[in-house]
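Asker: Pasting the sequence and the predicted model now:
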There are 2 protein chains.
Amino acid sequence: MARERKFNTVELFHEAKQLLLQHGYDGFTFSLLADRMEVSRAALYKYYDNKEKLITDFMIYEMEEFLHELKEIDKLEGFEQQFDFLIDLIFKKTEVHELIRAAQHVMTRMDAAITNKEKLEKLPLDMYKFLQRFILVGKAEGKLKEHIPDGLIIGFILQTVAIPNHFGIPKGDWIHSIKEVISQGMFMNK
Amino acid sequence: MARERKFNTVELFHEAKQLLLQHGYDGFTFSLLADRMEVSRAALYKYYDNKEKLITDFMIYEMEEFLHELKEIDKLEGFEQQFDFLIDLIFKKTEVHELIRAAQHVMTRMDAAITNKEKLEKLPLDMYKFLQRFILVGKAEGKLKEHIPDGLIIGFILQTVAIPNHFGIPKGDWIHSIKEVISQGMFMNK
DNA sequence: GTTAAAAGTTACACAGGTGTCACTTATACT
DNA sequence: AGTATAAGTGACACCTGTGTAACTTTTAAC
């Protein structure tokens, strides 16, 4: 009985992602998004009460997708394979981590009453918990050093994507070197 | 012949730093800063044409101070000592790196005509060049792996400060573990 | 005490984003 | 063809930050 929609959620999130990565949270506006979607600004308010709701909905969508892909790790046997898979996945989904970082920042100035707050707080924790199982396997198999805190191991791995490749080293070499440094360090063995 | 000033540059930069770290670039406003300084907003415009000028001036000031402290590294003998000094300095000046990251972001949407653009572009490069000498020493002494790109080594070290310590591991332990992972890796030696 | 000059203030116009509401338009079902 | 219903629009009032300009205040030097 209703008129045909001019856009769907997937398209909307796709454009929102571009804009967020380009302009950041504050630079992101409904006008900008509406222009991209070739739709009036007011139309967006039909679906999202405000910018916060739209962006948090989008972030949850992105993180859930990432978590879903991450769970494929269980299909692999042995720690080394899982380690490789994890690093590759992280580099395949570079933006997600920028978004997660941004999310943490958004949280701080977010109303406690906001619907999405709980979900948005829960997702990174889910990810951490899930990765902790992977760390556990690594330590149990005697592959990872027992005395390095789990939080640091996870943080270290996730953080590597953010290292700026100023000198434009080819992606393959770059990731390969990162894997070596994380696993064996940058010092020569004596 | 003139009236006494109500504030000086050092105070101003001190408050600006707080506000920047708390609210980020976009959240930072002249009103906020003026309130903190207990001075009218317009007074700030007497000294800085606009927000961009004020913030870039501040960033340059911070980075120059950091670079100055960094140069103390030359007074130390041997690679290991320099390595320790560097990590400790970075953790002593955590905020500077947040600022440098922010600076990169500011650059992207900055008018090419802005006075400070050149300086702000040059400083991180100076830092990289300076650190590259340190890497060179490490490689020459046979302490650092030759085949790991310099850019990655520097990036790795600088990036570690940004690893979120979600589980609140004591700072001393945290830094100690980071030094171990960077130098020897997180894998067990076979 | 007059005056020059910089410090500081108040008040303004402007720009851009926000959220809302009354309105129009398209479409599927009867 | 008529109509209910959701989709979409244009226009509005509001708020907040920006930058400027005309003004007042303080102070040191003459």
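Answerer: Cool, got the structure.
Asker: Go through chain A and flag its longest helix.
Answerer: When chain A is parsed with DSSP state H, its longest helix is helix A:117-140.
Asker: Give me the buried positions along that helix.
Answerer: A:Lys117, A:Leu120, A:Leu123, A:Pro124, A:Met127, A:Tyr128, A:Leu131, A:Phe134, A:Ile135, A:Val137, A:Gly138, A:Lys139 (16 or more other C-beta atoms under 10 Å in any protein chain shown). (Each C-beta comes from the backbone N, C-alpha and C, glycine too.)
Asker: Kindly provide the whole-number mean pLDDT of it.
Answerer: Regarding helix A:117-140, the rounded mean pLDDT is 92.
Asker: starting at the chain centroid, how far to it?
Answerer: Chain-centre distance of helix A:117-140: 13 Å, with C-alpha atoms, centre = their mean, to the nearest Å.
Asker: who touches the next helix or strand after that helix?
Answerer: For helix A:117-140, the following helix or strand on the C-terminal side (DSSP states H and E) is helix A:150-159. For helix A:150-159, contacts defined as C-beta atoms under 8 Å, 6 or more residues apart in numbering or on different chains pick out A:86-87, A:90, A:97, A:128, A:131-132, A:135, A:144, A:182, B:159-160, B:162-167, B:169, B:174, B:177-178, B:181, B:186.
Asker: Please list the members of these that lie in strands.
Answerer: Residues from the contacts of helix A:150-159 lying in strands, with DSSP state E as the criterion: none.
Asker: restrict those residues to those near DNA strand C?
Answerer: Residues shared between those and the neighbourhood of DNA strand C: none [C-beta under 7 Å from any atom of the strand].
Asker: Which ChimeraX command selects the buried ones in those?
Answerer: Remark: buried members of those, expressed as a ChimeraX selection using 16+ other C-beta under 10 Å:
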select /A:86,87,90,97,128,131,135,144,182 /B:159,160,163,169,174,177,178,181,186
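Asker: packing partners for the helix or strand bottoming out on mean pLDDT in chain A?
Answerer: Among the helices and strands of chain A, helix A:94-108 carries the lowest confidence by mean pLDDT, DSSP states H and E, at a mean of 79. On a contact count with 3 or more C-beta pairs under 8 Å, 6 or more residues apart in numbering or on different chains; DSSP states H and E, helix A:94-108 meets helix A:9-27, helix A:51-70, helix A:117-140.
Asker: Helix A:150-159 and the longest one, what's the angle between them?
Answerer: Right, helix A:117-140. Here helix A:117-140 runs at an angle of 100 degrees relative to helix A:150-159 (axes from the mean of the first three to the mean of the last three C-alpha atoms, to 10 degrees).
Asker: what's helix A:117-140 packed up against?
Answerer: Packing contacts for helix A:117-140, counted by 3+ C-beta pairs under 8 Å, 6+ apart, involve helix A:51-70, helix A:79-92, helix A:94-108, helix A:150-159.
Asker: Confidence-wise, which of those is weakest overall?
Answerer: helix A:94-108 (a mean of 79).
Asker: buried sites along that helix?
Answerer: A:Val96, A:His97, A:Leu99, A:Ile100, A:Arg101, A:Ala102, A:Ala103, A:Val106.
Asker: What is the neighbour count of the residue lying closest to A:Thr94 once chain neighbours are set aside?
Answerer: In space, and not counting its chain neighbours, A:Thr94 is closest to A:Val161: 5.2 Å by C-beta to C-beta, 6 or more residues apart in numbering or on different chains. Residues lying near A:Val161 (other C-beta atoms under 10 Å in any protein chain shown) number 19.
Asker: residues contacting the residue nearest to A:Glu11 when sequence neighbours are not counted?
Answerer: Leaving aside its sequence neighbours, A:Glu11 sits nearest to A:Met37 (C-beta to C-beta, 6+ apart; 7.0 Å). Each residue near A:Met37 by C-beta under 8 Å, 6+ apart is listed here: A:Lys6, A:Phe7, A:Glu11, A:Leu12, A:Glu15, A:Leu44.
Asker: center of chain A - which residue?
Answerer: Nearest to the mean C-alpha position of chain A, by C-alpha atoms, centre = their mean, lies A:Val96 at 2.5 Å.
Asker: distance of that residue from A:Ile87?
Answerer: For A:Val96, the distance to A:Ile87 equals 14 Å [C-beta to C-beta, to the nearest Å].
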